[in-house]
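Peer 1: model this:
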Amino acid sequence: MFGNMGNMSNMMKKVQKLQADMAKLQEELKTRTLESTAGGGAVKIVVNGEKQILSIKIDPAAADPQDLEMLEDMIMAAVNEALKKVDDMMAQEMGKLTGGMKIPGMF
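Peer 2: This next block holds a predicted model:
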């Protein structure tokens, strides 16, 4: 009977360590930056791990006043790809901590 209590205690310690490691990793990942481009590099977006856009660079040649819709589409594509990269990075790093175990509500 008391053996099971020891196993439960060890498991709780492991869970607490995992939670602490995950919190630490989440904080670290917030400082990482990822870059995405669209239109063959005409639009470049840099985001951080908190999904905040840090910079947008647009090649002046892509800013055709007669075709702003194309530029808007390139910006949207670059932003969406950058945000997907953040999600992928988070999932990959969390997977390293959890050994690939899926945790509900996590990325």
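Peer 1: can we go C-alpha only for contacts and neighbour counts from here?
Peer 2: Will do.
Peer 1: Name whatever forms a beta bridge with the nearest residue to Ile53 once chain neighbours are set aside.
Peer 2: If you skip the residues right next to it in sequence, Ile53 has Val47 as its closest partner in space, 4.4 Å away by Cα to Cα, 6 or more residues apart in numbering. In this entry, Val47 is beta-bridged to Leu34, Ile53, by DSSP bridges.
Peer 1: Could you give the number of residues near Val47?
Peer 2: For Val47, the tally of surrounding residues (other Cα atoms under 10 Å) stands at 23.
Peer 1: That one touches Lys84, doesn't it?
Peer 2: No - Val47 sits out of contact with Lys84 when judged by Cα atoms under 8 Å, with a separation of 10.6 Å.
Peer 1: So which bits of the helix or strand Asn10 falls within are buried?
Peer 2: In the assignment (DSSP states H and E), Asn10 maps to helix 2-30. In terms of neighbour count (16 or more other Cα atoms under 10 Å), helix 2-30 has its buried residues at 22, 26, 29-30.
Peer 1: before we move on, what about stretch 62-79?
Peer 2: For stretch 62-79, by 16+ other Cα under 10 Å, it's 62-63, 71, 74-75, 77-79.
Peer 1: Which strands or helices does the helix holding Asn10 pack on?
Peer 2: Helix 2-30 is packed against helix 68-98, with contacts defined by 3 or more Cα pairs under 8 Å, 6 or more residues apart in numbering; DSSP states H and E.
Peer 1: what about the residue nearest to Ile53, distance to Met74?
Peer 2: When distance is defined by Cα to Cα, to the nearest Å, Val47 is 16 Å away from Met74.
Peer 1: Likewise for Pro60?
Peer 2: Applying Cα to Cα, one obtains 13 Å for the distance of Pro60 from Met74.
Peer 1: Check what pLDDT the residue nearest to the spatial centre of the chain gets.
Peer 2: Closest residue to the average C-alpha location of the chain: Val86 at 2.2 Å, with Cα atoms, centre = their mean. As summarised for this prediction, Val86 has a pLDDT of 93.
Peer 1: what do you get for Met1?
Peer 2: For Met1, pLDDT reads 51.
Peer 1: before we move on, what about Asn48?
Peer 2: In this model, Asn48 is scored at 93, pLDDT.
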